[in-house]
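K.L.:
Pasting the sequence and the predicted model now:
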Amino acid sequence: MTGSASVEHAMPQALVVGASRGIGLGLVRVLLTHGWQVTATVRDTARTPQALSELQKKHDAALKIVDLDLSQSSRPGELAGSLSSRALNLLVISAGIMGPDHQRAEQANREETGELFDLNAMAPLRLARALLPAMAPNGVISFVSSRMGSVSLNNLGDRELYRASKAALNSLSRGFAINEAIPAGVGVLNLHPGWVQTDMGGGEAPITIEQSATGMVNVMEDALGQVEQRFLDFEGQTLTW
Ligand SMILES: NC(=O)c1ccc[n+]([C@@H]2O[C@H](COP(=O)([O-])OP(=O)(O)OC[C@H]3O[C@@H](n4cnc5c(N)ncnc54)[C@H](OP(=O)(O)O)[C@@H]3O)[C@@H](O)[C@H]2O)c1
């Protein structure tokens, strides 16, 4: 083994899903500076955003970019097959959408609800299930959820479709954690990134991508070896379901 290959071998392994922009891209950036070997997914590697290409130039072999469109239900199994033989210490599923602008149950058609609930709730579960065998013992699977997915903290009732999709993610991930991940020795986090300055969060959001991603990476690194499920924000505060 060459010197650089042996260094690579010692690095912890992370897979970040939805890394083209926003919080996912921020997580890749922070994980690389913390010494992780990162596989980052984008929908189409032929259109990899410049920011991610530049990170790859800077970090070379520590960053691998692969394509994954979460709306294609066959892809999780294919991705699991194409990963390196090194077990994953961390899987972060950040990809998500807000859903239709109207955000009203009575206005939503089947196509809108199908896309929103499939991408925000079903697809993360399909992927986590497909990749559980690739996880290292004491590793962590992180679902990027939202405070808006908490039923008990919903005092406003706005954005009802998005809230319901994240509540569905929280519910599905509970069953997955209890029945599959925890028995396999893998922890599960449902993470609220804060209200963050991304395309989704908008310019009025108080938290920068760097603040959110730095906090989330610290929370995830602290969670390695803790084989339980928790719903935490980017500062490590517990949220009620
Ligand atoms: N921003 C906030 O304030 C906030 C607050 C709470 C929770 N969150 C959650 O945090 C996560 C990231 O949000 P963000 O603010 O970073 O959003 P964003 O800037 O809108 O980025 C969304 C990401 O999801 C990817 N994506 C969308 N559809 C996809 C698909 N079918 N397959 C694969 N990837 C897909 C996008 O890829 P493309 O570039 O290809 O579209 C992009 O990388 C989401 O789950 C969101 O619900 C965000």
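P.N.:
Good, I have the coordinates.

K.L.:
Who are the packing partners of the longest strand seen in the chain?
P.N.:
For the chain, the strand with the greatest residue count under DSSP state E is strand 135-144. On a contact count with 3 or more C-beta pairs under 8 Å, 6 or more residues apart in numbering; DSSP states H and E, strand 135-144 meets strand 88-93, helix 123-131, helix 160-176, strand 187-192, helix 209-223. C-beta: built from backbone N, CA, C; applies to glycine.

K.L.:
check whether the third one contacts the ligand.
P.N.:
No: using C-beta under 6 Å from any ligand atom, helix 160-176 stays clear of the ligand, with a minimum separation of 6.7 Å.

K.L.:
Include mean pLDDT and distance to Val17 when you put the helices and strands packed on strand 135-144 into a markdown table, please.
P.N.:
Below are the helices and strands packed on strand 135-144 laid out as a markdown table (pLDDT from 0 to 100; distance: least, C-beta to C-beta, whole Å):
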| stretch | mean pLDDT | distance to Val17 |
| --- | --- | --- |
| strand 88-93 | 98 | 5 |
| helix 123-131 | 96 | 7 |
| helix 160-176 | 98 | 13 |
| strand 187-192 | 98 | 13 |
| helix 209-223 | 98 | 14 |
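
K.L.:
ok, the residue most central in space within the chain - contacts?
P.N.:
For the chain, Ile93 is the residue whose C-alpha lies nearest the centre (C-alpha atoms, centre = their mean; 2.0 Å). Contact analysis of Ile93 by C-beta atoms under 8 Å, 6 or more residues apart in numbering lists 17-18, 124, 127-128, 141-144.

K.L.:
What residues does this protein have near the ligand?
P.N.:
Counting by C-beta under 6 Å from any ligand atom, the chain sits next to the ligand at 18, 20-24, 43, 68-71, 94-97, 119, 144, 146, 192-193, 195-196, 198-201, 205.

K.L.:
and the next element down the chain from the lowest-mean-pLDDT helix or strand in the chain?
P.N.:
None of the helices or strands of the chain scores lower by mean pLDDT, DSSP states H and E than helix 3-10, at a mean of 54. Downstream of helix 3-10, the first helix or strand assigned by DSSP states H and E is strand 13-17.

K.L.:
partners of that next one, with directions?
P.N.:
strand 37-42 (parallel), strand 88-93 (parallel) (DSSP bridges).

K.L.:
now the angle between helix 160-176 and the last one, please.
P.N.:
Counting by axes from the mean of the first three to the mean of the last three C-alpha atoms, to 10 degrees, strand 88-93 points 150 degrees away from the direction of helix 160-176.

K.L.:
Over to the first one?
P.N.:
Here strand 37-42 runs at 140 degrees with respect to helix 160-176, directions being taken by the same axes, to 10 degrees.

K.L.:
Now do the next helix or strand after strand 37-42, average pLDDT.
P.N.:
Sequence-wise, the next helix or strand downstream of strand 37-42 (DSSP H and E) is helix 50-59. Helix 50-59 carries an average pLDDT of 95.

K.L.:
what's the next secondary structure element after helix 50-59?
P.N.:
strand 63-67.

K.L.:
how far does that next one sit from the chain's center?
P.N.:
Between the centre of strand 63-67 and the centre of its chain there are 15 Å (C-alpha atoms, centre = their mean, to the nearest Å).

K.L.:
likewise stretch 80-90?
P.N.:
The answer for stretch 80-90 is 16 Å, by C-alpha atoms, centre = their mean.

K.L.:
What are the contacting residues of it?
P.N.:
Counting by C-beta under 8 Å, 6+ apart, 9, 12-15, 31, 36-37, 39, 66, 130-131, 133-136, 138-140, 142, 220, 224 sit against stretch 80-90.
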